[in-house]
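Trainee: turn this into a model:
(chains A and B)
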2 protein chains.
Amino acid sequence: MDSLADPTSTPFEALPSAGDEAEPRSFLDRLFDRGHLVRTGIDGLYGRGGDFESVVEALDALVSRLGAADGAERIRFPPGMSRPAFERSGYLKGFPNLAGTVHSFCGDEAAHARLLACVEAGKDWTEDQACTDIVLTPAACYPLYPVAAARGPLPAEGLLFDLQSYCFRHEPSVEPTRMQMFRMREYVRMGSPEQVLAFREVWLERGTAMMRDLGLPLAVDPANDPFFGRAGRMLANNQRMQGLKFELNVPVNSTEQPTACLSFNYHQDHFGSTWEIGQADGAVAHTACVGFGLERITLALLRHHGLDLAAWPADVRKQLWG
Amino acid sequence: MDSLADPTSTPFEALPSAGDEAEPRSFLDRLFDRGHLVRTGIDGLYGRGGDFESVVEALDALVSRLGAADGAERIRFPPGMSRPAFERSGYLKGFPNLAGTVHSFCGDEAAHARLLACVEAGKDWTEDQACTDIVLTPAACYPLYPVAAARGPLPAEGLLFDLQSYCFRHEPSVEPTRMQMFRMREYVRMGSPEQVLAFREVWLERGTAMMRDLGLPLAVDPANDPFFGRAGRMLANNQRMQGLKFELNVPVNSTEQPTACLSFNYHQDHFGSTWEIGQADGAVAHTACVGFGLERITLALLRHHGLDLAAWPADVRKQLWG
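Mentor: Next comes the predicted model:
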């Protein structure tokens, strides 16, 4: 994998101080103090202030500019996807603990009275909630594969899609970069192994250059998804050994555990087989995606350039706002 | 309520044809055909094509321009909110059937094996899903009230917020304007009754002018929320009689049942009491909001001006894209 964009194991320098040394506050608390994030009482679930959101929007637009020449088809899915599609996707094999199913009340007026009595008494009122046809989107590309499959075999040049959506992962945490609900921008490529690997290589270079131009220290490292359980550890090792996943890491909350801000994933024929997506020549389609964690990159910028956007380096502001 | 912006009961003219008369297709099918919406297999849950999304974005920006001079505080909440806050909000009293709770798997590896066996066999695998601390946001302003309450009494001039989020309502439907997941833009005013009623009046005028400038036929009508059950009918009648809710209706899927594209709501002291939000003088705060259904307005534009954005009237395009 020596063609990969400059992987490095150089240790990161110490992070900028998280504030007044005499009265240390966590990075998360400082984000609350400045109104960049807004408390909801739930770990990993936050409102975003106006400045924070303006950075997310600028990053989203920057990624669009970087990919503009490629002519990707733009689709925006809502934050939930079809449950039958989710079941078929295989997500439950690897990450059952992260998924979020949507449940609703389907009872009559008597059941409603019981529900309200439970709420009033502080008891569990959710027992009668029934699972709907909707599951929260775990990654922006999951709703895409059945859509692509329904179109029939890929054209010879393959397909390229541009996605962005809110995603959900059930992992409550006070680590500000580990949110339960966050936005993921993605480009997804479908085609031959050569086509999708070339796509991944291009975005490894573009993504690395983008983050350098934003003044962020980074390392590109082999990585694995957080597969569940003991069997999951084998899957993770396999993924890492085969070089299927790389992450672009930036120290945000710590230098020892930097944050994956971009990820570059080669799925081989996993989704092509699962959804019966064929190449033009009849072979099973391969797929790859590049994902941008919009909140994570925003948090990296706030950590390295400070909480006052107006004081960010001029060249960083120029990258974002022209 | 004669100061309200020109309510009218004039019958709407017939809607433009939904396509080739020789081979009629529903409006929803035509939206799929043109790629404005993307099928997921679930009624009311759709992907949005690039053109559709560009209209949503332009409308969002247009609403921002209309409200820019007011200096609203911008907050963007994710599509889920705190369950304790949701329980306290009172939403379950009125609309238990529309809410969506988020559930997750919390079991061990043995439970995971059972779950996968159920998925494989096509049986219900969701029984062991446990309710998380997150409920899908039912309306953009619901996560806001506890945030405002935590700040203490309102300043003398009250507060004004600018919100937008994906919302969820469990009402599967093939009516394209009745989606289960959709975006609502809102301004929310908190203060004295006079302050919040003046806010509502201003936005009734601005919203009506905006929709007229977009070339859409409209009526402003008294309305009520879809409260659940028999007790709910009394609440609905009361709301309508007191003039607490008005909707700006546009025929989209039918002339007989036009679509509420904007809504103007005076909550009196409902949220102020629920969340103990006080005015500067110690009285309970009143609140009001104006909500813009971004997908609904987009669908109204597509229905009235056609599915080809480039062929929309020049003055409509100018309103949206300058």
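Trainee: please identify the buried residues of the longest helix anywhere in chain A?
Mentor: Scanning chain A for the helix with the most residues, using DSSP state H, yields helix A:193-213. Neighbour counts over helix A:193-213 (16 or more other Cβ atoms under 10 Å in any protein chain shown) mark A:195-197, A:199-204, A:206-208, A:210-211 as buried. The C-beta positions use only the backbone N, C-alpha and C, and glycine is treated the same way.
Trainee: tell me which two of those residues sit farthest apart.
Mentor: Within the buried residues of helix A:193-213, two members stand farthest from each other by Cβ to Cβ: A:Gln195 and A:Met211, at 24.8 Å.
Trainee: contacts for the longest helix of chain A?
Mentor: By Cβ atoms under 8 Å, 6 or more residues apart in numbering or on different chains, the surrounding residues in contact with helix A:193-213 are A:3-6, A:62-63, A:66-67, A:157-158, A:160, A:187, A:189-190, A:218, A:220, A:246, A:248, A:250, A:261-262, A:264-266, A:268, A:286-288, A:290, A:292, A:297, A:315-316, A:319.
Trainee: follow-up on the earlier one: pLDDT added to the buried residues of helix A:193-213, as JSON lines?
Mentor: Formatted as JSON lines, these follow (pLDDT from 0 to 100):
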{"residue": "A:Gln195", "pLDDT": "98"}
{"residue": "A:Val196", "pLDDT": "98"}
{"residue": "A:Leu197", "pLDDT": "98"}
{"residue": "A:Phe199", "pLDDT": "98"}
{"residue": "A:Arg200", "pLDDT": "98"}
{"residue": "A:Glu201", "pLDDT": "98"}
{"residue": "A:Val202", "pLDDT": "98"}
{"residue": "A:Trp203", "pLDDT": "98"}
{"residue": "A:Leu204", "pLDDT": "98"}
{"residue": "A:Arg206", "pLDDT": "98"}
{"residue": "A:Gly207", "pLDDT": "98"}
{"residue": "A:Thr208", "pLDDT": "98"}
{"residue": "A:Met210", "pLDDT": "98"}
{"residue": "A:Met211", "pLDDT": "98"}
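Trainee: burial count for A:Ala130?
Mentor: Using other Cβ atoms under 10 Å in any protein chain shown, A:Ala130 is surrounded by 12 other residues.
Trainee: count the neighbours of the closest residue to it other than its chain neighbours for me.
Mentor: Nearest residue to A:Ala130, sequence neighbours excluded (Cβ to Cβ, 6 or more residues apart in numbering or on different chains): A:Cys106, at 4.9 Å. Other residues near A:Cys106 come to 13 when the count uses other Cβ under 10 Å.
Trainee: before we move on, what about the one 3 residues further on?
Mentor: Residues within reach of A:Glu109, counting by other Cβ under 10 Å, total 13.
Trainee: each with direction, which strands does the helix or strand containing A:Tyr166 pair with?
Mentor: Using DSSP states H and E, A:Tyr166 sits within strand A:159-168. Partners of strand A:159-168 in the sheet, by DSSP bridges, are strand A:73-76 (parallel), strand A:181-191 (antiparallel).
Trainee: and that strand, how far out from the chain middle?
Mentor: 9 Å (Cα atoms, centre = their mean, to the nearest Å).
Trainee: now stretch A:87-101
Mentor: 15 Å.
Trainee: first-to-last residue distance for that stretch?
Mentor: 11 Å (Cα to Cα, to the nearest Å).
Trainee: could I get the average pLDDT for it?
Mentor: For stretch A:87-101, mean pLDDT rounds to 97.
Trainee: over to stretch A:304-315?
Mentor: Per-residue pLDDT over stretch A:304-315 has a mean of 98.
Trainee: only C-alpha atoms, please: export that stretch in CSV.
Mentor: Coordinates of each C-alpha in stretch A:304-315 appear next as CSV, following Å, rounded to 0.1, in the frame of the first residue of the first chain:
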residue,chain,number,x,y,z
HIS,A,304,-6.3,23.7,16.9
HIS,A,305,-7.3,27.2,15.8
GLY,A,306,-9.2,28.3,18.9
LEU,A,307,-12.9,28.8,19.8
ASP,A,308,-13.1,32.3,18.2
LEU,A,309,-13.6,31.8,14.4
ALA,A,310,-12.6,35.3,13.6
ALA,A,311,-9.2,34.7,15.1
TRP,A,312,-8.5,31.6,12.9
PRO,A,313,-5.5,31.9,10.6
ALA,A,314,-6.3,33.8,7.5
ASP,A,315,-5.4,31.0,5.1
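Trainee: list the buried ones in it?
Mentor: Across stretch A:304-315, burial judged by 16+ other Cβ under 10 Å covers A:His304, A:His305, A:Leu307, A:Leu309, A:Trp312.
Trainee: and the helices in the stretch 51-200 of chain A, which stretches?
Mentor: Applying DSSP state H, counting those that start in this stretch to the stretch 51-200 of chain A gives helices spanning A:83-89, A:91-94, A:109-121, A:144-149, A:193-213.
Trainee: who does whatever helix or strand comes next after the longest one pair with, and is each partner parallel or antiparallel?
Mentor: Which is helix A:193-213. Using DSSP H and E, the helix or strand that follows helix A:193-213 in sequence is strand A:219-222. Sheet partners assigned to strand A:219-222 using DSSP bridges are listed as strand A:245-250 (antiparallel).
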